[in-house]
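Engineer: Got a predicted structure here, sequence first:
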Amino acid sequence: AQTVTQSQPEMSVQEAETVTLSCTYDTSESDYYLFWYKQPPSRQMILVIRQEAYKQQNATENRFSVNFQKAAKSFSLKISDSQLGDAAMYFCAYIASGTYKYIFGTGTRLKVLA
Amino acid sequence: NAGVTQTPKFRILKIGQSMTLQCTQDMNHNYMYWYRQDPGMGLKLIYYSVGAGITDKGEVPNGYNVSRSTTEDFPLRLELAAPSQTSVYFCASSYWSGGLGTGELFFGEGSRLTVL
């Protein structure tokens, strides 16, 4: 069965510092997508970044980047120059190409300290 | 750019009452989903649909029903509400064609339901 594991229930980072959130997944598929979603206190789920498994290059979106290690089945999110607005729950998610079912991790709560 | 629209945003129900959560998307997405999120937890799939007229159960379908008569709309019906259905409900949609798509799941703003 496909699973997504986020082993850090909570993380803290000082404003302007860098933090890395961990995500590992288990799958036998070769073609899939990985995502990081942010859920601020407003509870709206917002896509932060996505990665196609066939792409070797790590995705980046401004201050957000991923370290995608396909062989290790690891997909960590790095947030640089952390801002107070980055405080939220972050969910890692997976979907195999051509299927319907998204698999979500249990989330990591990120606190940003001023 | 409406995206995925859910109504209502908040609702309090008494045990045994019924209600429908409405969900509409204007992106012509073929896949639609209903999730529930209990406090401090991740998302659990209730029902999903791969196109108009086609629905199927997710992980936690008991106590709920859905229909998909159009591409745009995917309402979730709660019958005989119970305290265990107190949760935040999210509707979401995505687009896939022949196994290809961006994969991005677009979410509504969520509906907080309390059953007392």
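Structural biologist: Arrived safely. Computed from a predicted structure; not experimentally measured.
Engineer: What count of nearby residues applies to B:Pro83?
Structural biologist: B:Pro83: 10 surrounding residues under other C-beta atoms under 10 Å in any protein chain shown. The way it works is simple: take the backbone N, C-alpha and C, and place the C-beta from them, glycine included.
Engineer: And B:Thr7, by the same measure?
Structural biologist: By other C-beta under 10 Å, 15 other residues sit near B:Thr7.
Engineer: what's across from it in the sheet?
Structural biologist: For B:Thr7, the beta-bridge partners are B:Gln22 (DSSP bridges).
Engineer: Skip the chain neighbours and tell me the closest residue to the spatially most central residue of chain B.
Structural biologist: In chain B, the centroid-proximal residue (C-alpha atoms, centre = their mean) is B:Trp34; its distance is 2.6 Å. Leaving aside its sequence neighbours, B:Trp34 sits nearest to B:Ile46 (C-beta to C-beta, 6 or more residues apart in numbering or on different chains; 4.4 Å).
Engineer: Touching, the one you found and B:Asn65? I think so.
Structural biologist: No: applying C-beta atoms under 8 Å, one finds B:Ile46 not in contact with B:Asn65, separated by 9.9 Å.
Engineer: so what sits against both of these two?
Structural biologist: Residues touching both B:Ile46 and B:Asn65 (C-beta atoms under 8 Å, 6 or more residues apart in numbering or on different chains): B:Leu76.
Engineer: The two: who's more crowded?
Structural biologist: B:Ile46 (24 against 15).
Engineer: Let me know the pLDDT of that one.
Structural biologist: For B:Ile46, the model assigns a pLDDT of 96.
Engineer: if I look at it, how far off is A:Ala16?
Structural biologist: From B:Ile46 across to A:Ala16, the span is 40 Å (C-beta to C-beta, to the nearest Å).
Engineer: for B:Lys9, same thing?
Structural biologist: On the measure of C-beta to C-beta, B:Lys9 and A:Ala16 end up 34 Å apart.
Engineer: what's near enough to touch A:Glu10?
Structural biologist: Here A:Glu10 is in contact with A:108-111 (C-beta under 8 Å, 6+ apart).
Engineer: Give me the buried subset of the residues you listed.
Structural biologist: A:108, A:110 (16 or more other C-beta atoms under 10 Å in any protein chain shown).
Engineer: Tell me which two in the contacts of A:Glu10 are the farthest apart.
Structural biologist: Greatest spatial distance among the contacts of A:Glu10 (C-beta to C-beta): A:Thr108 and A:Lys111, at 10.4 Å.
Engineer: So which residues of the chain form strands?
Structural biologist: Defaulting to chain A. Taking DSSP state E, the strands of chain A run over residues A:3-5, A:10-14, A:19-21, A:24-26, A:32-39, A:46-52, A:60-61, A:64-69, A:74-79, A:88-96, A:103-104, A:108-113.
Engineer: not quite, I wanted chain B
Structural biologist: Under the criterion DSSP E, chain B contains strands at B:4-7, B:10-13, B:19-25, B:31-37, B:43-51, B:54-57, B:64-66, B:76-78, B:87-94, B:106-107, B:111-115.
Engineer: Please tabulate the ones you listed in a markdown table, including the columns distance to A:Ala53.
Structural biologist: Formatted as a markdown table, the strands of chain B follow (distance: least, C-beta to C-beta, whole Å):
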| stretch | distance to A:Ala53 |
| --- | --- |
| strand B:4-7 | 26 |
| strand B:10-13 | 39 |
| strand B:19-25 | 26 |
| strand B:31-37 | 19 |
| strand B:43-51 | 21 |
| strand B:54-57 | 25 |
| strand B:64-66 | 30 |
| strand B:76-78 | 31 |
| strand B:87-94 | 17 |
| strand B:106-107 | 21 |
| strand B:111-115 | 33 |
